[in-house]
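*Asks:* next input, structure requested:
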Amino acid sequence: MKPTASAIVHERIADPCFLITNSLLVTPERVIDRGSLQVVNGRIVAIQEGRMAGEGPVIDADGAMLIPGLVDIHSDANEKAINPRPRAHFPVSLALQELDKVMAGCGVTSIYHCVAFSNGQKGLRATQAAHSLIQAIWKCREHLLCRTFIHLRYDITLMEALPLILHLIDEDMVQLFSYMDHTPGQGQFATYEAFRDYLGRHHQYTEEEVRAVVKKRIADRAAVNEEDLEKLGRRCREKGIPLASHDDDTPEKVRRLHAMGVAISEFPVSLSAAREANRMGMRVAMGAPNLLMGKSTNANLTAEETVREGLLDIVCSDYAPMTMLHAAMKLYRSELMTLTQAIARFTLKPAEAAGIADDTGSLTVGKSADMVLVDLEAPVPRIRKTFVAGRQVYGAL
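*Replies:* Numbers count the residues shown, from 1 in each chain. Predicted coordinates for the structure are as follows:
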């Protein structure tokens, strides 16, 4: 049987001990100017203002900001790493290893790779290909720099894949699960044209292929068995797997999914859906690219709107890991949030939603030393060092 999410978090080998001083420390409670932090055996053992004495090497941060490692609970970046062009397909182990280095360089220390099971789609989102991708990630994850998890995205119209999905859950190969319904006419794709443009732009589908996918999805959507979906949710809850929904567009859909145990609303496409998710006690997650650009690529709800409404709980990379740090700094520098609040949306809040906050997600004594040292003096904030369980996995001059 595969290890659980909590087991994954604890199996890193860390540097014995070291000290970071002269840093701007962003803790859950406050920002400490010119503070110090001590790491012993991969865990944070002390945090204080000013300098501190301790064992091991000393890293003088020279005023650089120290934040928790970024926790990215939704990333589709693996798809482009493996299949960057229609006829370019790299070995999965190679692509994941190189993407892992990129993630570490972007300050991501915990990554939830999305693997989508999509109805009628070809490529990596076809059932057998998605299954193989999950197996490949598990095979190589022990050799990766970042803490690596699986976020399984399940198209509810793909009922024939249900036995396989249940098997993957039972084998503890899934750490986060989301329901998605990409049937045109609702959700992310309110019109056929929007769906056609998406498949054509991102997956190189012809008009004929798009029509075939739409026809199948509409027919299969009518045949969806809600009891099977509820069974799926119960199995996830029994395994302690957090449940998310994707592209919620109406308050009614939010309430229905919440009743099935969904606790995270990912990328709601309307303000009314985001408000209802908040009212129901669900966490609202939006994409860092949306926040950084100030717009949705599909002309849906913007992340900034959710911020101004007090609804934004979590920010994830969606498809662009490089946007995470810069979106966090935009939240702060635009005075939309305090620095502590902004950083928490990329660290502690997603860690809480994913069920790993006992061990990571904040600079807190007792937690794993998953940390990122950021140079704020550069024209664009620049990551100097990334640590996972006290081990430096990225460094720049």
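*Asks:* state the helix or strand in which Asp228 lies.
*Replies:* Assessed by DSSP states H and E, Asp228 sits inside helix 226-238.
*Asks:* so how far is that helix off the chain centroid?
*Replies:* Averaging C-alpha positions (CA atoms, centre = their mean, to the nearest Å) puts helix 226-238 22 Å from its chain's average.
*Asks:* list the buried residues in it.
*Replies:* Leu229, Leu232, Gly233, Cys236 (16 or more other CB atoms under 10 Å). For every residue, glycine as well, the C-beta is placed using N, CA and C.
*Asks:* which pair in those spans the largest distance?
*Replies:* By the measure CB to CB, Leu229 and Cys236 form the most distant pair in these, at 10.9 Å.
*Asks:* returning to what we had before: what's the mean pLDDT across the helix holding Asp228?
*Replies:* Mean pLDDT, helix 226-238: 93.
*Asks:* when you give positions from now on, start the count at 503
*Replies:* Okay, residue one is now 503; in that scheme the one you just asked about reads as helix 728-740.
*Asks:* distance to Thr659 for the buried residues of helix 728-740 - can I get that in CSV?
*Replies:* Below are these laid out as CSV (distance: CB to CB, whole Å):
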residue, distance to Thr659
Leu731, 11
Leu734, 13
Gly735, 16
Cys738, 19
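*Asks:* between those, which sits nearest Arg643?
*Replies:* Of the buried residues of helix 728-740, the one sitting nearest to Arg643 (CB to CB) turns out to be Cys738, at 20.4 Å.
*Asks:* so that closest one is in contact with Val764, correct?
*Replies:* No. Cys738 lies out of contact with Val764 (CB atoms under 8 Å); the separation is 9.7 Å.
*Asks:* mean confidence score for stretch 804-818?
*Replies:* For stretch 804-818, the mean confidence score works out to 97.
*Asks:* ok, and what's touching it?
*Replies:* For stretch 804-818, the surrounding residues in contact (CB atoms under 8 Å, 6 or more residues apart in numbering) are 574-577, 766, 768, 770, 773, 776-777, 779-780, 785-790, 792-793, 796-798, 826, 829-830, 833, 838-839, 847-848, 851-852, 855.
*Asks:* what's the first-to-last distance across that stretch?
*Replies:* Stretch 804-818 has an end-to-end distance of 14 Å (criterion: CA to CA, to the nearest Å).
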